[in-house]
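Asks: predicted model follows, preceded by the sequence.
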Amino acid sequence: MAELGEDGRLPPVHFGHTAVPSDEDAGKTHCEVSVLNGDCGISENMMCSGSPVTPGSQAEGETANTSVGPDAKSDIPRRSSIIKYFWLVALQPTNYLAQGTNQSSCYNIDSVLTKKLQDGRQRKERKKTVSFSSMPTEKKISRVSDCINAMVDGSELKKVRSNSRVYHRYFLLDADMQSLRWEPTKKESEKAKIDVKSIKEVRTGKNTETFRTNGTYDQISEDCAFSIIFGENYESLDLVANTADVANIWVTGLRYLISYGKHTLNMIESSQNNLRSAWLSDLFDEDDVNHNKQIAICAAVQLIKKLNPGLKNLKIELKFKELHKAQDKSESDVTKEEFAEVFHDLCTRPEIYFLFVQFSSNKEFLDTKDLMIFLEAEQGMAQVSEDTSLNVIHKYEPSKEGRLKGWLSLDGFSNYLMSAECHIFDPEHKSVCQDMNQPLSHYYINASHNTYLIEDQFRGPSDVTGYIRALKMGCRCVELDVWDGSDNEPVIYTGHTMTSQIVFRSVIDVINKYAFVASEFPLILCLENHCSVKQQKVMFQHLKKILGDRIHVDSPKLEDCYLPSPSELKGKILLKGKKLDTNCTASEGEVTDEDEGAEMSQRMSIESTEQQTNAPKKIPLLKDLSDLVTLCKSVEFKDFPTSFQKQKPWELCSFNEVFATRCACDFPGDFVNYNKKFLARVYPSPMRIDSSNMNPQDFWKCGCQIVAMNYQTPGLMMDLNIGWFRQNGNSGYVLRPAIMREQVSYFSANTKDSVPGVSPQLLHIKIISGQNFPKPKGSGAKGDVVDPYVYVEIHGIPADCAEQRTKTVHQNGDNPLFDESFEFQINLPELAMVRFVVLDDDYIGDEFIGQYTIPFECLQPGFRHVPLQSLTGELLPHTLVFVHVAITNRRGGGKPHKRGLSVRKGKKSREYASMRVLQIKAVDEVFKTALLPLREATDLRENMQNAIVSFKELCGLSAVANLKQCILALSPRLTGPDNSPLLVFNLSDPYPNLELQGLLPEVLKKVVTTYDMMIQTSKTLLESSDSVYERILQTQKAGFEQQMVDSSTMAEKKQKNKNKVVRGQNLKMCIGTVIPHGGVSLSFPTPLSVSRSHVNMHVSMATAQTGAATCSERKRLFSLKEFPSRSLSPACDLCYGSPLSAMEFHENLQDLAVKEGLKGRKLHKAVESFTWNITILKGQADLLKHARSEVQENLKQIHYSALTCNLSKGGTAGGSSGSTDSKSRRSLEAIPEKATGEEELTDEEN
């Protein structure tokens, strides 16, 4: 945090092992100081040398200077005592005049400054920077007077020029607050300054042309850079501070000066009696029951502790004692002024104050309009009104005056930011928000391995608490390793080991009690049965008696193609285990044994006589127990071709971690396709005797649904598992990514590049600060000292895995300030997770403080607090990380409520989607027809995005900003000297255009031109996207026609096609809301009398295959107008939305390939290329849909921000894109997997 020393100056700051040079560093150059991510230094080859500069290389006549030694900087005046004079002259002019100084000399300070500067040159000065230390005697930057104070004292800043030169200069604000000066310079002193009244704007970040074209752009921290825009020509002075806190001080102070000018002093004085003072006074008076105007120190400590529970009592008490010592006060009672001062010092967070003043219009409070802007522009809140702001104020503002007047003070703003509303986790995901009507194989299922163990796998104890813990945590798949026990009672333990035993009956009792406490969706019991037939009968009796009707006993139909959905199986318990053949009529039979414990015992050489043999061991199985296994029959996995041909949907294979890893490496595509239809369970390697965990992401990326984890072992892997299953109400079921559910899609689990058909997203995270970091458990070497730093980790597919870390903040665990920004590209957002880890920097070994893991899809944009958890998963009280999150999309799209980022690319450098050649002439000709519309779709998106980026740059904002922020930033420039608008937005047009209201400065003409270009490209996209989409779709129609011709000769040799299309007239369905997600074929087995509920389930499967089951899309419901009550034809398809060509090609692809002479590897390559092309077509159409949504969202933002800034003409708050939506348009969605080609069905869509 920014703090001032006792002498009013800013002591040096230390970043980890990197220190900003102070007195001891005299003689060193800045280039000798190492540069870390969080520092704002420039590398040596980018810095100006200290040698003489040739006339042609000088900028503004300045001499480049990089030395920080006393000799090199002897000509830089230090104004260490200016601040005292400033308050003497500026804030107490009357007293000063009374001492014999006339008023003119009071404000003509040059002669006085000269003496001050001469005194400053006579002694060695410490470098003015910001310290993050929290010594009790230092004062925090927490009000605007502190910022003005620091600016008058001065700071060393780096001045950046467009010729890639960087100059070290010492910047100061004159004590009369009328001018900003810098030294040294070859200019005349009156020219090396900027008048405050000429400053038009202060921009944060690297958002001017000078920064963007400077060769040191990548070397400069975004958080340390700021620009002063001044003069009628909007010139820029581009500066880089040593720390983000110094930059914040200058930005805050300058904006305040711009707003209030000569009235700044009056505003500073009036702001001292603010809402906080009145509120604290009321609190103090309530505790002062004796009306002595003072309270006991213990009462004062408890009162501050109540207001800020994260503070330690000892620290509060120490602060009071330090204050009393400074005042030479012997008594321990606390006065009202002392109470307010200590609260101010301990409870004011500078980083929140700097954010607060950005939106408060430089007031000491946010009014309802200010708060509306913050909620909409920064927090991404939709449909914000003044009532919304008032609700926030009434809920979080502590002062009575603030609640009555509708003002939110700094303390109320802090309360809001630390509330559950500003939690980083999206509250929509706290309840079930995904489509639960997909087949069971389309979900990840929270699973436990050897649930009964509470320690290691070999000697650890077994206990029913393992089941209680797992079930309460939302686990939906638990294991029961059952063996013969004494007294004819089966027991549970790991065979061939020394683990203890628990009675089977007691475990079933616990399961019955806790099975559906955390989730109502089906629970799978993995029954590893090693009992004799006699005790199997006991097992069966316990299961039937205790679990009763909860056990799912309905056998699947042979013709079923998919498992039932979780919704259909609510409240049901599924048994997974071995099952006798259906033709077995005896009371018992034999099955192969599955003994995972035996693998471990062989590894441990406990039973040397028991060796692994090729012949599987046979064990008896009771038929009654066998009949309880219905949807999860355990079978042995042979290979993928065999499984594709013979395995049934209700058959489940278990994979050893090692074998599953080999499959993921050697057959990544086959593994993904296998898991589209079948359940796969992965259990830990037998080598994990210590109960360590595998990385579940390694198998989730392959689509494996059941990854069994050792719940008793905390750490990174369990953090990932727990965090992952939070995203759907902790129900234990998470819908897999759409690309893993689509029947025809290309995805490799080991991809290290972008995923075809999926738009990469950019995650921007700024780690701002931390709160109340505790000392790591077991750490005693450093006492209570904490040196924290933060790791940000991305977990997902290989292309997404990355990590970044902040600098170390030394000796500050209470409120360390990091102010560092990171950017990550997320290629498969649906499978990505973000993990925040806080560690204590130690020479011996960094120690764990806390962590929080969250799915990417659950991130909330804006300013958020991250609650940290301990190693074992408990919430650490009041321990938080304050962050800013922005999610953008490189190529357009993304979630509509999150900001859209575009990367400018000229047509020559654009990457256009291409189709792979299959070497099947008929198919290749069809795919060629898609090349032109795909190219046009890319141009529509890129042109729109390029125009938006150009507009954002002219507004002085980065590409992360949204258009609402752009209009808000631009609004001051659109207002003339008399506060009349120079430009207004005509909102009566669906595409708001700018209308001139008078003479326009030259600088604004470029803004108008760029804005018009943005609107024009947006309009072109909205008006042309439908036709481009239809042409992409036409590729599918043409493919259908061509395929029918090519396959006609083969049809005579085949049995009548079992997948015959049901024409629209036979099955009339209106799926208007389905069409946006494309048509996907649904196969119904025969004989089957189809019910409405059954159709709904399969219709939901279609949304899964088109990616329609995210939280924002799950509300798109299907409507069924007419449904005949009769049996359908064999394996018929319900097709809607578009022709069937894609699926028809897929079904006959091998026959067409053989006809072309392809076989072996060439045949495999042709199939892979086909799925690639289909995935590209779907993805590009989906990107076009997202780009359209982005444009509509942008138009709404322009509309509402124009109303907010009073720059509108015509229109209402109803939304700017209403008329664009009023036209009847066909929705743009992913390319369907099947298309009917039936005109009757197409007619029914419209």
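Replies: Thanks, I have the structure now.
Asks: list the contacts of E331.
Replies: Residues in contact with E331 (CB atoms under 8 Å, 6 or more residues apart in numbering) are H324. Glycine gets a C-beta too; all of them are placed from N, C-alpha and C.
Asks: the stretch 551-700 of the chain: strands as residue ranges?
Replies: Listed in chain order, the strands of the stretch 551-700 of the chain (DSSP state E, counting those that start in this stretch) span 573-577, 588-592, 618-622, 632-635, 651-656, 680-683.
Asks: hey, which of these is tucked in deepest?
Replies: Neighbour counts (mean count of other CB atoms under 10 Å) averaged over each of those peak at strand 680-683, with a mean of 25.
Asks: give me the contacts around it.
Replies: Contacts of strand 680-683 (CB under 8 Å, 6+ apart): 447, 449, 477, 526, 576, 596, 652-657, 660, 674, 694, 699, 703-708.
Asks: ok, stretch 454-473 next?
Replies: With CB under 8 Å, 6+ apart as the test, stretch 454-473 has contacts from 446, 448, 450-453, 478, 492-494, 497-502, 506-507, 510-511, 514-515, 517-518, 523, 600, 604, 688-691, 710-712, 722, 730.
Asks: buried ones in stretch 560-578?
Replies: Within stretch 560-578, the residues scored as buried using 16 or more other CB atoms under 10 Å are 560-569, 572-578.
Asks: hey, C-alpha coordinates of it in CSV?
Replies: Output of stretch 560-578 as CSV, limited to C-alpha atoms (Å, rounded to 0.1, in the frame of the first residue of the first chain):
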residue,chain,number,x,y,z
ASP,A,560,-31.4,-48.4,-26.5
CYS,A,561,-28.6,-46.3,-28.0
TYR,A,562,-27.9,-44.1,-25.0
LEU,A,563,-28.2,-44.3,-21.2
PRO,A,564,-31.0,-42.4,-19.4
SER,A,565,-30.4,-38.9,-18.2
PRO,A,566,-29.6,-37.8,-14.7
SER,A,567,-33.0,-36.1,-14.5
GLU,A,568,-34.8,-39.5,-15.2
LEU,A,569,-32.7,-41.2,-12.5
LYS,A,570,-33.2,-38.6,-9.7
GLY,A,571,-33.2,-40.3,-6.4
LYS,A,572,-32.0,-43.6,-7.8
ILE,A,573,-29.0,-45.7,-6.8
LEU,A,574,-27.2,-47.5,-9.6
LEU,A,575,-25.1,-50.6,-8.8
LYS,A,576,-21.9,-51.0,-10.9
GLY,A,577,-20.6,-54.5,-10.9
LYS,A,578,-20.4,-57.9,-12.7
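Asks: hmm, T1010 is touching I948, no?
Replies: No: the criterion here is CB atoms under 8 Å, and T1010 misses it with I948 at 9.6 Å.
Asks: mind checking which of the two has more residues around it?
Replies: I948 (27 against 19; other CB atoms under 10 Å).
Asks: kindly provide the distance from the more buried one to V960.
Replies: Distance, I948 to V960, by CB to CB, to the nearest Å: 12 Å.
Asks: shared neighbours of these two, anything?
Replies: Here I948 and V960 have no joint contacts, going by CB under 8 Å, 6+ apart.
Asks: confidence score at G406?
Replies: Note on G406: pLDDT of 93.
Asks: contacts only, for the residue nearest to it when sequence neighbours are not counted.
Replies: Of all residues not flanking G406 in the chain, T368 sits nearest, at 5.2 Å (CB to CB, 6 or more residues apart in numbering). By CB under 8 Å, 6+ apart, the residues touching T368 are 386, 389-390, 393, 406.
Asks: ok, now V533?
Replies: Going by CB under 8 Å, 6+ apart, the list of residues near V533 reads 588, 620, 622.
Asks: now N693
Replies: Under the criterion of CB under 8 Å, 6+ apart, the neighbours of N693 are 684, 709-710, 713, 715, 717-718, 721.
Asks: what sits closest to it if chain neighbours are left out?
Replies: M717 (3.6 Å).
Asks: list the contacts for the one you found?
Replies: Contacts of M717 (CB under 8 Å, 6+ apart): 692-696, 709.
Asks: show me the two of those that sit farthest apart.
Replies: Using CB to CB, the contacts of M717 span at most 12.9 Å, a distance reached by S692 and P696.
Asks: more neighbours, these two?
Replies: Set side by side, S692 and P696 show more neighbours around P696, with 23 against 15, by other CB under 10 Å.
Asks: on that earlier part again, okay, and which of the contacts of stretch 454-473 map to strands?
Replies: Members of the contacts of stretch 454-473 lying in strands (criterion: DSSP state E): 446, 448, 478, 492, 502, 523.
Asks: and the contacts of M717 as TSV, adding pLDDT and distance to S821?
Replies: Output for the contacts of M717, formatted as TSV (pLDDT from 0 to 100; distance: CB to CB, whole Å):
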residue	pLDDT	distance to S821
S692	91	35
N693	93	32
M694	94	33
N695	95	28
P696	96	29
M709	95	34
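Asks: in helices only, show me those residues.
Replies: Nothing among the contacts of M717 maps onto helices, per DSSP state H.
Asks: please identify which of the residues you listed is nearest to L735.
Replies: When these are ranked by distance to L735 (CB to CB), P696 comes first, at 16.1 Å.
Asks: now the longest strand belonging to the chain: buried residues?
Replies: If you go by DSSP E, the chain has its longest strand at strand 875-889. Neighbour counts over strand 875-889 (16+ other CB under 10 Å) mark 876, 879-889 as buried.
Asks: could you do stretch 496-510 as well?
Replies: Within stretch 496-510, the residues scored as buried using 16+ other CB under 10 Å are 496-497, 499-505, 507-510.
Asks: nearest to N488 among the contacts of V533?
Replies: Distance to N488 across the contacts of V533 (CB to CB) is lowest for L622, with 14.3 Å.
Asks: which non-adjacent residue is nearest the closest one?
Replies: Excluding the flanking residues, the one nearest L622 by CB to CB, 6+ apart is Q536, at 4.1 Å.
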